[in-house]
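Participant: Here is the input, now give the coordinates:
(2 chains)
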2 protein chains.
Amino acid sequence: MVSESTETSAPAPGCPWSAREAELLAVTLKLLQQHGYERLTVEAVATEARASKSTMYRRWPSKADLVLAAFIEGTRESAVHPRTGSLRGDLLAMGMSVCEQSREHASTMRAVLDEMSRSEALRAAMQDKFVYHRNVLIREVLGDAVARGEIQAEAINPEIWDVLPGYLVFRSLVADRPPTDETVRALVDEVLMPSLTRGTTSR
Amino acid sequence: MVSESTETSAPAPGCPWSAREAELLAVTLKLLQQHGYERLTVEAVATEARASKSTMYRRWPSKADLVLAAFIEGTRESAVHPRTGSLRGDLLAMGMSVCEQSREHASTMRAVLDEMSRSEALRAAMQDKFVYHRNVLIREVLGDAVARGEIQAEAINPEIWDVLPGYLVFRSLVADRPPTDETVRALVDEVLMPSLTRGTTSR
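Facilitator: Next up, the predicted model:
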């Protein structure tokens, strides 16, 4: 097994990976975008990044693990509270971010989903490392809107917390009709805001 | 080439296929549910249905064509206007129907989507033979609600016509969190109705 001590360095800010690991994941994403999931091999990533295969497999035991990690790393920036100061602004910012990322990573997302349908472990990892954090983020955004008096806490239904990302991801991956800025605006202004502000007198 | 004259019979009501073709598609769906897309072969369908392979390939030139036709045939009942007499009733009925069908056909839908990402022809067929009809159906349901005075025509935005099926399909296929009756109720009462009735005084 090759020693990694010379390869690793200080972790990048806000990132759970070492700088070297983040680099390996960035190479993975680049090759995914160039060649797609099926033609990607762990060997090709190792070669491109000048890493050993054992390095790769020690950290990510399978191609699916590697791709999921790369996807989560590549979508990290959308996991941040936009803090625009208004619910509408926050929803628009989050929606635009989902659109941008599903444009950029559509084929990766399709491949991860396909693998998820076969792998319980991958489903659990996706839930744990991706979905959970998005749920927390949206709860924070909505909680802040309640604190500002923009909406009532009763208007929030956890059962359907993911209508915003869900519909936009559907448009990108399933409907083959990639969402635009206008899609996000319509969804926020004509669907989500009327839903969340129902029962609020001052709007 | 085997003669088909003895196999075909009068078409079933409301169905574009002959009774024999509908039977072949029903066998396809049954085998899909039992074995999944990858393990399905046109040969196995032909054997199970006692048809010749040439019969199958003449009607559906590829496995993907066959599976798409079977999926559309299997979801035909949800393509009908519910005519409950109210917008809320129609939306609930359509939502329940989407849930039921994505429960029943989840693996088929995943496989069709996966094939679509590779095949322009399949994408075009899906658009032409499935999506277009769902769009027409929802336009009719909303148009009837306008005619009954339940909503204003201005509240309808064609850009986001598919929020109802889109979010429910997302929940079934992408989020791995199959929607329930309560999901549909929440989506209709707390999201879609507030959206569509905004600007309407009498609600």
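Participant: Next, the angle from the lowest-mean-pLDDT helix or strand in chain A to helix B:106-116.
Facilitator: In chain A, the helix or strand scored least confidently by mean pLDDT, DSSP states H and E is helix A:106-116, which has a mean of 79. Per axes from the mean of the first three to the mean of the last three C-alpha atoms, to 10 degrees, the angle that helix A:106-116 makes with helix B:106-116 is 150 degrees.
Participant: contact partners of whichever helix or strand comes after helix A:106-116?
Facilitator: Toward the C-terminus, helix A:106-116 is succeeded by helix A:120-126 as the next helix or strand (DSSP states H and E). Applying C-beta atoms under 8 Å, 6 or more residues apart in numbering or on different chains, the contact partners of helix A:120-126 are A:64-65, A:68, A:112, A:115-116, B:176. Every C-beta, even on glycine, is put in place using the N, C-alpha and C of the backbone.
Participant: try stretch A:191-199
Facilitator: A:87-88, A:91, A:142, A:145, A:150-152, A:154-156, A:163-164, A:203, B:160, B:163, B:190-192, B:194-195, B:198.
Participant: on that earlier part again, just give me the closest of the contacts of helix A:120-126 to A:Ile138.
Facilitator: Nearest to A:Ile138 among these, counting by C-beta to C-beta, is B:Asp176 at 17.7 Å.
Participant: Check the contacts of helix A:120-126 and tell me the two furthest apart.
Facilitator: Across these, no pair lies farther apart than A:Asp65 and B:Asp176, at 17.4 Å, counting by C-beta to C-beta.
Participant: more neighbours, the two?
Facilitator: A:Asp65 (19 against 15; other C-beta atoms under 10 Å in any protein chain shown).
Participant: Which strands or helices does the host helix or strand of that one pack on?
Facilitator: Using DSSP H and E, A:Asp65 sits within helix A:63-74. If contacts are counted by 3 or more C-beta pairs under 8 Å, 6 or more residues apart in numbering or on different chains; DSSP states H and E, helix A:63-74 sits against helix A:19-39, helix A:42-49, helix A:106-116, helix A:120-126.
Participant: hey, least reliable of these by pLDDT?
Facilitator: Sorting those by mean pLDDT places helix A:106-116 lowest, at a mean of 79.
Participant: Double-check A:Val174 against B:Phe170; I have them as touching.
Facilitator: Yes - if you go by C-beta atoms under 8 Å, A:Val174 and B:Phe170 touch, sitting 7.1 Å apart.
Participant: Give me the more crowded residue out of the two.
Facilitator: Between A:Val174 and B:Phe170, counted using other C-beta under 10 Å, B:Phe170 has the larger neighbour count: 25 against 22.
Participant: how about the more buried one, what does it touch?
Facilitator: Contacts for B:Phe170 were tallied using C-beta under 8 Å, 6+ apart; they are A:162, A:166-167, A:169-170, A:174.
Participant: swap in A:Glu43?
Facilitator: By C-beta under 8 Å, 6+ apart, the contact set of A:Glu43 is A:Lys53.
Participant: For the residue sitting nearest the centre point of chain A, which non-adjacent residue is spatially closest?
Facilitator: Using C-alpha atoms, centre = their mean, the residue of chain A that lies closest to the mean C-alpha position is A:Thr75, 4.3 Å off. Nearest in space to A:Thr75, with sequence neighbours left out and distances taken as C-beta to C-beta, 6 or more residues apart in numbering or on different chains, is A:Gln101 at 5.0 Å.
Participant: Can you pull out the low-pLDDT segments for chain A?
Facilitator: A:1-15, A:201-203 (pLDDT under 70).
Participant: That one against chain B: which residues are in contact?
Facilitator: When proximity is defined as C-beta under 8 Å from any C-beta of the partner chain, chain A approaches chain B at A:107, A:110, A:113-114, A:116-117, A:123, A:126-127, A:131, A:155, A:157, A:159-160, A:162-163, A:166-167, A:169-171, A:173-176, A:182-183, A:186-187, A:190-192, A:194-195, A:198.
Participant: Restricted to strands, list those residues.
Facilitator: Within those, no residue falls in strands by DSSP state E.
Participant: Can you get me a residue count around A:Pro178?
Facilitator: 14.
Participant: gap between the closest residue to it other than its chain neighbours and B:Thr28?
Facilitator: Excluding the flanking residues, the one nearest A:Pro178 by C-beta to C-beta, 6+ apart is A:Ser172, at 5.4 Å. Separation of A:Ser172 from B:Thr28 (C-beta to C-beta, to the nearest Å): 29 Å.
Participant: and what of A:Glu150?
Facilitator: Counting by C-beta to C-beta - A:Glu150 and B:Thr28 are separated by 51 Å.
Participant: Please apply the same query to A:Leu122.
Facilitator: 28 Å.
Participant: before we move on, what about A:Trp161?
Facilitator: 37 Å.
Participant: The two: which is more packed in?
Facilitator: B:Thr28 (27 against 15).
Participant: How is chain A partitioned into domains?
Facilitator: A:19-62, A:75-196 (automatic domain parsing).
Participant: Distance to B:His35 for those domains - can I get that in TSV?
Facilitator: TSV is the format used below for the domains of chain A (distance: least, C-beta to C-beta, whole Å):
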stretch	distance to B:His35
domain A:19-62	21
domain A:75-196	14
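Participant: which one of the ones you listed lies closest to B:Glu48?
Facilitator: Between B:Glu48 and the domains of chain A, the tightest spacing by C-beta to C-beta is seen for domain A:75-196, at 24.3 Å.
Participant: Can you name the residues that contact A:Ala153?
Facilitator: A:Ala153 neighbours (C-beta under 8 Å, 6+ apart): A:Val146.
Participant: ok, for A:Thr28, nearest residue in space, not its chain neighbours?
Facilitator: A:Ala70 (3.9 Å).
Participant: Could I get the phi/psi values of A:Val80?
Facilitator: With angles defined as degrees, to the nearest 10, A:Val80 sits at phi -100, psi 140.
Participant: For it, list the residues it contacts.
Facilitator: A:Leu137.
Participant: distance of it from chain B?
Facilitator: Distance of A:Val80 to chain B, computed by C-beta to the nearest C-beta, to the nearest Å: 21 Å.
Participant: Equivalent analysis for A:Thr108, please.
Facilitator: 11 Å.
Participant: OK, contacts around that residue?
Facilitator: Taking C-beta under 8 Å, 6+ apart, one finds A:29, A:32-33, A:37, A:67, A:70-71, A:74 in contact with A:Thr108.
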